[in-house]
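> Need the 3D shape of this:
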Amino acid sequence: MARDPFCKTYTDCSQCPKVTEGICVYRKLSRGQHFPKDKCTQNCILFMISGELLINSEEYPGTILYEGQFILQAIGSMVELLALTEVKYICYWFNELPLICPDRYEEIINQAEAPITYTPLIMSSKLKYLIGDLAIYLDEQLPCGKFIELKCHELTYLITNYYPIPQLGAFFYPISTYTESFQYFIMQNYSKVKNVEEFAHLGGYTTTTFRRLFRNLYGVPVYEWILEKKREGILEDLQHTKMRITEICNRYGFDSLSHFAHFCKDSFGDTPRALRKKAANGEKIGKLPD
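Take a look at the predicted model:
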């Protein structure tokens, strides 16, 4: 059967500077495909289109996701995925939701409470149709950024306005503590900076203002917090990912492998390669006592 010519764009979207960069990602996984545990650098809503996907995170430990379900993972959360069958899903990545009805969202966030057990939500018929249509669009052509932005507004509207507030309060609870732009900025950038001055400059703050805002928010000095977060991330990457040592070194903003090795010796008692070998042999690795 000939393809309907009206289902194909006649515009060369690759020449447009507004082409989207990973806002919505359509993935098809083969059975057994595995994504090792990694940290979310943005908030993510995962919409299951078909198949069975095993997810392992703090909110959804050892949970199997099925067709028509969707979950949210907050920025900074650690997530591992394993396809139990052939799987299709869409990931929607965002820092702040594009809201048509901000008053409704504010009401949701104000009533957000941690559930006893996190449960995936089920797509309504409207939402399921939108996700299916979006998957076809993403699969056929280079996405137009402006078009995707409009679809994300529609997506957010269908979630925030077509489910009861108690359900949405539990769903959005993981990001309810990241609603302020300063907190978003901290969680997105702490692993990239080498010192407090660089961190402050990156956000457009004076060092004094940045230190004050940070201490008011987290209750500890910024540099101590950065070091602790880097230690947690480095240990996680050495034990649970296959990232090369040089990649981990660059990921956490070290100038050189020797500097990175020195940091690991001071923090954990050994070099990165030695620590990874110990972990592979089943030995427990961790932070040295203060």
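
> elements contacting the worst-scoring helix or strand of the chain on mean pLDDT?
The weakest-scoring helix or strand in the chain, judged by mean pLDDT, DSSP states H and E, is helix 181-189 (a mean of 79). Other helices and strands packing on helix 181-189, by 3 or more CB pairs under 8 Å, 6 or more residues apart in numbering; DSSP states H and E, are helix 196-203, helix 207-218. C-beta coordinates here come from the backbone N, C-alpha and C atoms, glycine included.

> tell me what the longest one is packed against?
Helix 207-218 makes packing contacts with helix 181-189, helix 196-203, helix 222-240 when contacts are defined by 3+ CB pairs under 8 Å, 6+ apart.

> which of the residues in the least confident helix or strand of the chain are buried?
183, 184, 185, 186, 187, 188 (16 or more other CB atoms under 10 Å).

> Over to stretch 93-108?
Across stretch 93-108, burial judged by 16+ other CB under 10 Å covers 93, 94, 97, 105, 108.

> just stretch 163-172 next, same as before
For stretch 163-172, a neighbour-count test (16+ other CB under 10 Å) marks 163, 168, 169, 170, 171, 172 as buried.

> show me the contacts for the second one.
The neighbours of residue 168, taking CB atoms under 8 Å, 6 or more residues apart in numbering as the test, are 108, 159, 160.

> can you check the fifth one too?
Neighbour list for residue 171: 72, 121, 163 [criterion: CB under 8 Å, 6+ apart].

> again, only using 10 Å
By CB atoms under 10 Å, 6 or more residues apart in numbering, the residues touching residue 171 are 45, 70-72, 108, 112, 115, 118-121, 159-160, 163.

> likewise residue 211?
Taking CB under 10 Å, 6+ apart, we find residue 211 in contact with 196, 199, 200, 205, 221, 222, 223.

> Could you check how far it is from residue 76?
From residue 211 across to residue 76, the span is 21 Å (CB to CB, to the nearest Å).

> residue closest to the middle of the protein?
Geometric centre of the chain, nearest residue: residue 40, 2.7 Å, by CA atoms, centre = their mean.

> related to what we said a few turns ago, is it possible to export the contacts of residue 168 to TSV including distance to residue 145?
Below are the contacts of residue 168 laid out as TSV (distance: CB to CB, whole Å):
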residue	distance to residue 145
108	27
159	21
160	22
